[in-house]
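Asks: Give me coordinates for this.
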Amino acid sequence: MFIETYYDERAAVPATTSEPMIPFPELSGEELTVWQEYLPMRRQIRHLQSRFNTIPDPAIAEIKKATRSFERIEIWSRADDPMAVGVIGEEKPRYFSIVRWGDAKLTLAKVKRRLRIEKWLLRLTAIGGIMVFLVTLFIVVAYGG
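Replies: Below is the predicted model:
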């Protein structure tokens, strides 16, 4: 299993003057949009060890380290490719990458490519379904089936 952590004290992002420095990269713009689309299932972490025992120990350590920096931490996932995301704010939330595990070797470019392929497959499936319907309708009309 591959684990990618994002903690970096040198890259701390100041949230506001009243908040401490955040040593995790902020997700924004296209990067945020792509990850939200690729990892559509979200759940908030409440009881880390008892409930989410499928999280590997190194990822748990990173999440524990991050708890002091965020209002809440969510797990974004699809199948076997989860990512822990720190969240600040309710009305206009800000999102920060904490740790990914599973298929974490994926780059943003590879994720974008996968999403494009999935969209094309969905379209092709829909077109195939429509074609089967039209052919069946034609046969029924032409031969009175």
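
Asks: Please give the number of neighbouring residues around Lys110.
Replies: Around Lys110 there are 12 other residues, counting by other CB atoms under 10 Å. Just so you know, the C-beta spots here come from the backbone N, C-alpha and C atoms, and that holds for glycine as well.

Asks: Quick check: it vs Tyr6, distance?
Replies: Between Lys110 and Tyr6 the distance, using CB to CB, to the nearest Å, works out to 17 Å.

Asks: Run through the chain and note the low-pLDDT ranges.
Replies: For the chain, residues meeting the criterion pLDDT under 70 lie at 1-2, 9-20, 47-53, 103-104, 145.

Asks: which residue is nearest the middle of it?
Replies: Nearest to the geometric centre of the chain sits Leu39, at 2.6 Å (CA atoms, centre = their mean).

Asks: for the protein, longest strand please?
Replies: Ranked by residue count and defined by DSSP state E, the top strand of the chain is strand 94-102.

Asks: Could you export that strand as CSV, keeping only the C-alpha atoms?
Replies: As requested, C-alpha coordinates have been extracted for strand 94-102 and formatted as CSV (Å, rounded to 0.1, in the frame of the first residue of the first chain):
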residue,chain,number,x,y,z
ARG,A,94,-11.2,25.8,2.9
TYR,A,95,-9.8,22.3,2.2
PHE,A,96,-6.2,21.0,2.9
SER,A,97,-4.6,17.8,1.8
ILE,A,98,-3.4,15.7,4.8
VAL,A,99,-2.6,12.2,3.6
ARG,A,100,-3.6,9.8,0.8
TRP,A,101,-3.3,6.0,0.8
GLY,A,102,-4.2,3.1,-1.3
